[in-house]
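1. sequence unavailable; structure follows:
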């Protein structure tokens, strides 16, 4: 496991003092001028607008559906909870309601599926949609397991379908600026990246209760083991259970760790070693995903990548000079011999020296994929058939790096990983965790 010296950062290491850091309210003109804005398709005639179905009508799914409505028409909504389905039909006037995702994916006159289901349902819905000839916008993380990722990558690669993963930070100019600076050597040879994620929930024990009217609990559980209904397992709290997700490591980690991979140029590869540990015991009969943890990745080129949950006074396991709210540590930082760059999804970008950001890149610098509207990028790719900014391989690798962290946290030891073969080296126990038994009839061959 990583030693304390590996992760003993002061608050100054993270944010630095106001005298040496720069926080930009607006991005530098040289960057904006060098990267023309993405052209987002506007209104189309009814005959040209894609026909869309929303599967999974909870909070995130509904938000995605509203965003997609700018580019097409929601004609079908699907959920195994009747209350969610009723709200979706009210929100998306005229949409036909469905209980079974398979019927939706098989509709012949449908163009696009928006997949807003919980993590353990992403893969089966995506597989069925692709086989049904639909283009897919899938919420992140793309899959529950690394084995599932291999299945969806293989299917999409041999099809002519578009799949966009909902890791929308790649469509944020601030993150793109940070990654372009790093990729072009602004910090020198990158030595390390540091990620701070919100800590998870540590609550319980929870009791079984009657299944609410209108919820198909067996269908909701899908591929996972069938158990008695516990309200805290369902809907927005599902992500705090290993059965259905990976805690904040896969929830928020799918965003911030994805940006690390982008900045390091590792977004179609991965680390060669992972160390992880949980920092607190979860409460028996409560949430099972680690609430506080730390992970250390190492890449073949020697770059270290730390991913820590935050605690009440700062990053978990980090000695800080003064207390500070979690929000100040929720972001990521690249470091090299020339300094550091820190970026958050709130639009903040800071550097050890303002010149690291203010100085334009040379004319021949490497420029990254430009997307200013994640859903707009998806629908533009539906039209043009080009790869979206978060295509299936990128979505798989971003999910994988988080899932590798989850496995390391659960085993509490160092693991050696082959990113090309996508397998652990000489570790049967870890290898068994790359997949999970899928309960019938919710399995690959039933998708």
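-> Yep, that arrived. Just so it is clear, the structure is predicted and the values come from calculations on it, not from any experiment. Residues are numbered from 1 along each chain as shown.
2. quick check: residue 171 touching residue 372?
-> Yes. Judged on C-beta atoms under 8 Å, residue 171 makes contact with residue 372 at a distance of 6.1 Å. Heads up, the C-betas are built off the backbone N, CA and C, glycines and all.
3. which residues in the stretch 151-300 of the chain form strands?
-> When secondary structure is read from DSSP state E, counting those that start in this stretch, the stretch 151-300 of the chain shows strands at 163-165, 192-197, 273-278, 293-298.
4. most packed of the ones you listed?
-> Most buried of the strands of the stretch 151-300 of the chain, by mean neighbour count (mean count of other C-beta atoms under 10 Å): strand 163-165, with a mean of 30.
5. ok, the residue nearest the centre of the chain to residue 401 distance?
-> Nearest to the mean C-alpha position of the chain, by C-alpha atoms, centre = their mean, lies residue 254 at 2.6 Å. Residue 254 sits 9 Å away from residue 401 when distances are taken as C-beta to C-beta, to the nearest Å.
6. just residue 369 next, same as before
-> Taking C-beta to C-beta, one finds residue 369 at 19 Å from residue 401.
7. more neighbours, these two?
-> residue 401 (31 against 16; other C-beta atoms under 10 Å).
8. tell me if I'm right that the more buried one and residue 262 touch.
-> No. Look at residue 401 against residue 262 with C-beta under 8 Å: they stay out of range, at 11.4 Å.
9. can you give me the helices in the stretch 201-350 of the chain?
-> Remark: helices assigned in the stretch 201-350 of the chain by DSSP state H, counting those that start in this stretch are 217-221, 248-251, 253-264.
10. and the first one, how far out from the chain middle?
-> In this case it means helix 217-221. 24 Å (C-alpha atoms, centre = their mean, to the nearest Å).
11. show residues contacting it.
-> For helix 217-221, the external contacting residues (C-beta atoms under 8 Å, 6 or more residues apart in numbering) are 80, 81, 99, 100, 118, 211, 226, 227, 229, 234, 439, 442.
12. I'd assumed residue 245 was in contact with residue 406.
-> No. Counting by C-beta under 8 Å, no contact exists between residue 406 and residue 245, whose distance comes to 9.1 Å.
13. intersection of neighbour lists for these two?
-> Counting by C-beta under 8 Å, 6+ apart, the residues touching both residue 406 and residue 245 are residue 289.
14. of residue 171 and residue 372, who's got more company?
-> In terms of neighbours (other C-beta under 10 Å), residue 171 is the more surrounded of residue 171 and residue 372; the figures are 23 against 16.
15. tell me the pLDDT of that one.
-> As summarised for this prediction, residue 171 has a pLDDT of 97.
16. quick one, what contacts it?
-> Counting by C-beta under 8 Å, 6+ apart, residue 171 touches 38, 371, 372, 373, 374, 377, 389.
17. again, but for residue 404
-> Contacts of residue 404 by C-beta under 8 Å, 6+ apart are 146, 270, 271, 274, 297, 415, 417.
18. secondary structure element for residue 53?
-> strand 51-55 (DSSP states H and E).
19. parallel or antiparallel, which strands does that strand pair with?
-> strand 73-78 (parallel), strand 112-115 (parallel) (DSSP bridges).
20. indicate which one of those is closest to residue 207.
-> Closest to residue 207 of those is strand 73-78 (C-beta to C-beta; 30.2 Å).
21. and for that closest one, what's in contact with it?
-> 46, 49-57, 65, 68, 85, 88-89, 92, 94-101, 103-104, 107, 110.
22. in this protein, where's the longest helix?
-> helix 392-411 (DSSP state H).
23. any idea which element residue 127 lies in?
-> Going by DSSP H and E, residue 127 is in helix 122-131.
24. do residue 137 as well
-> Counting by DSSP H and E, residue 137 is found in strand 135-138.
25. now for that strand, which elements pack on it?
-> strand 112-115, helix 122-131, strand 163-165, helix 374-384 (3 or more C-beta pairs under 8 Å, 6 or more residues apart in numbering; DSSP states H and E).
26. low-confidence ranges in the chain?
-> For the chain, residues meeting the criterion pLDDT under 70 lie at 1-25, 36-47, 311-329, 446-447.
27. tell me the domain boundaries of it?
-> Taking automatic domain parsing as the criterion, the chain consists of the domains 4-34+172-365+393-432, 51-169.
28. tell me how far stretch 246-254 lies from the chain's centre.
-> How far stretch 246-254 lies from its chain's middle: 7 Å, per C-alpha atoms, centre = their mean.
29. go on, stretch 281-294?
-> Worked out by C-alpha atoms, centre = their mean, stretch 281-294 lies 20 Å from the chain centre.
30. any buried residues in that stretch, and which?
-> Going by neighbour count (16 or more other C-beta atoms under 10 Å), the buried part of stretch 281-294 is 282, 286, 287, 288, 289, 290, 291, 292, 293, 294.
31. sorry, back to before: tell me the most buried of the domains of the chain?
-> Comparing the domains of the chain by mean count of other C-beta under 10 Å gives domain 51-169 as most buried, with a mean of 21.
32. what's the end-to-end length of it?
-> Taking C-alpha to C-alpha, to the nearest Å, the first and last residues of domain 51-169 lie 26 Å apart.
33. return the residues in contact with the spatially closest residue to residue 438 that is not a sequence neighbour.
-> With sequence-adjacent residues excluded and distances taken as C-beta to C-beta, 6 or more residues apart in numbering, residue 438 is closest to residue 223, at 4.0 Å. Residue 223 makes contacts with 120, 124, 436, 438, 439, 442, 443, as judged by C-beta under 8 Å, 6+ apart.
34. need those in a markdown table with distance to residue 303, can you?
-> Listed next are the contacts of residue 223 as a markdown table, based on distance: C-beta to C-beta, whole Å:
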| residue | distance to residue 303 |
| --- | --- |
| 120 | 32 |
| 124 | 35 |
| 436 | 30 |
| 438 | 35 |
| 439 | 39 |
| 442 | 39 |
| 443 | 38 |
